[in-house]
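J.: model the following, please.
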Amino acid sequence: MLMKKILSLFAVGLFLMAIAVSCKKDDPAATNALLGSWTFTSAAATGCTDAGNNFVETCTTDCGVLTFTATGFTFTQPGTTTETGTYTISGSTITSTKTGSTANVSTFSVVGTILSLVEVKAATNCTETTTFTKV
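T.: Residues are numbered from 1 along each chain as shown. Predicted coordinates:
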């Protein structure tokens, strides 16, 4: 009977340790998935209250590049602009703040070499989805 209790406690301990280890890896794994450079592929706004705000845009040449480092991000549009800022991650939510601007909150996913950012704009009720391909 003592052996059964010891095995039960051991099993519970392993279970709790597995949960603790898996929880600690969530944010670093998400951050690591973002690190590096991503080329802008497409953007779309759907479900907008004003249908005139819906759009689809695809880039095939001279596309912007979004680069994530451990401390921030840079977006460079060839020949026109460079924007920089910081970001934080919580689960699948990224909060990014361009230098001198307010924060944007999006959900993100990385599947293979595709990064998708989805942001719902409260003022227009638009769901904006932006995709990038890993460089």
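
J.: measure the most centrally placed residue in the chain to T60 for me?
T.: Among the residues of the chain, the one closest to the centroid is F108, at 3.2 Å (Cα atoms, centre = their mean). Separation of F108 from T60 (Cβ to Cβ, to the nearest Å): 23 Å. Backbone N, C-alpha and C define where each C-beta goes, glycine included.

J.: still on that earlier bit, quick one, phi/psi of the residue nearest to the centre of the chain?
T.: phi -140, psi 160 (degrees, to the nearest 10).

J.: what's it in contact with, if anything?
T.: Neighbour list for F108: A30, L34, S92, T93, I94, L115, S116, L117, V118 [criterion: Cβ atoms under 8 Å, 6 or more residues apart in numbering].

J.: check what pLDDT it gets.
T.: For F108, the model assigns a pLDDT of 97.

J.: next: T97.
T.: 96.

J.: just V12 next, same as before
T.: 31.

J.: and for T80?
T.: For T80, the pLDDT comes out at 86.

J.: equivalent analysis for C23, please.
T.: Looking at C23, its pLDDT is 39.

J.: so where's the chain uncertain?
T.: Along the chain, segments meeting pLDDT under 70 span 1-27.

J.: helices of the chain, start to end?
T.: Taking DSSP state H as the test, the helices found in the chain are 2-34.

J.: next one: phi and psi at G79?
T.: Main-chain torsions, G79, degrees, to the nearest 10: phi 80, psi 0.

J.: got it, and N125?
T.: The phi/psi pair for N125 (degrees, to the nearest 10) reads phi 60, psi 20.

J.: burial of the nearest residue to it once chain neighbours are set aside, as a residue count?
T.: If the residues on either side of it in the chain are set aside, N125 comes closest to T49, at 4.3 Å by Cβ to Cβ, 6 or more residues apart in numbering. Neighbourhood size, T49 [other Cβ atoms under 10 Å]: 11.

J.: do you know how far the residue nearest to the centre of the chain is from I114?
T.: Counting by Cβ to Cβ, the gap from F108 to I114 is 11 Å.
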